[in-house]
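>>> here is my input; please provide its structure:
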Amino acid sequence: MSEMDNNPQPDSGSSGGGGPSAEERQWAMFAHLSALIGFVIPFGTIIGPLVVWQIKKNEMPFVAQQGVEALNFQITVALAFLGAVILSFILIGFLLMPIIGIGALVLTIIAGIKANQGESYEYPINWRLVK
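Prediction:
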């Protein structure tokens with residue numbers, strides 16, 4: 001009835017439009033949000049993104065890029081947290097631990113949302129060890 005009714009539906013899973021497909025966006029989101037497994041499983045913050053990246057890196061370029069970004073960020077967070085634990089001997093570490101944890105949680109959720117929207121997200125603080 002209107003012109004809107006004649007337009008095709010947005011991305012139904014193919015990447016013909018130049019951007020990542022719906023499946024790629026979903027897996028990229030999983031790459032970021034899988035780090036939240038760390039609240040349940042020790043070292044899950046690193047294991048989650050590593051597993052998703054390893055499974056999908058050869059078949060989905062967007063997931064490969066976002067997976068390595070998520071993995072590098074979680075390694076950076078783990079090293080920062082380790083530094084805070086060491087600094088807890090002089091009491092400043094006790095102040096840093098919750099700041100690092102809340103910051104990592106917020107940035108991980110933002111990254112997951114951006115990846116699900118098809119946007120390539122780069123964490124503002126990230127030591128890129130894995131290429």
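>>> longest helix anywhere in this protein?
Taking DSSP state H as the criterion, the chain has its longest helix at helix 61-87.
>>> helix or strand next in line after it, which one?
helix 92-116 (DSSP states H and E).
>>> average model confidence for that next one?
Model confidence over helix 92-116, given as mean pLDDT, is 94.
>>> tell me which element residue 47 is part of?
If you go by DSSP H and E, residue 47 is part of helix 44-56.
>>> does anything pack onto that helix? Which helices or strands?
Helices and strands in packing contact with helix 44-56 are listed as helix 22-33, helix 61-87; criterion 3 or more C-beta pairs under 8 Å, 6 or more residues apart in numbering; DSSP states H and E. All C-beta spots, glycine's among them, are computed from the backbone N, C-alpha and C.
>>> pLDDT weak spots in the protein?
Screening the chain residue by residue with the criterion pLDDT under 70, one finds the ranges 1-17.
>>> the nearest residue to residue 107 once chain neighbours are set aside sits in which helix or strand?
Sequence neighbours aside, residue 123 is the residue nearest to residue 107 in space, at 5.8 Å (criterion: C-beta to C-beta, 6 or more residues apart in numbering). Element membership of residue 123, judged by DSSP H and E, is empty: it is in no helix or strand.
>>> my read: residue 123 touches residue 73, true?
Yes: because the distance of 4.4 Å satisfies C-beta atoms under 8 Å, residue 123 is recorded as touching residue 73.
>>> now do the same contact list for the one residue sitting closest to the centre of the chain.
When C-alpha atoms, centre = their mean is applied to the chain, the residue found nearest the centroid is residue 32 (2.1 Å). For residue 32, the set of contacting residues under the criterion of C-beta atoms under 8 Å, 6 or more residues apart in numbering consists of 49, 66, 70, 108, 111-112, 115, 121.
>>> same check on residue 108?
Contact criterion C-beta under 8 Å, 6+ apart gives 32-33, 35-36, 70, 73 as the residues in contact with residue 108.
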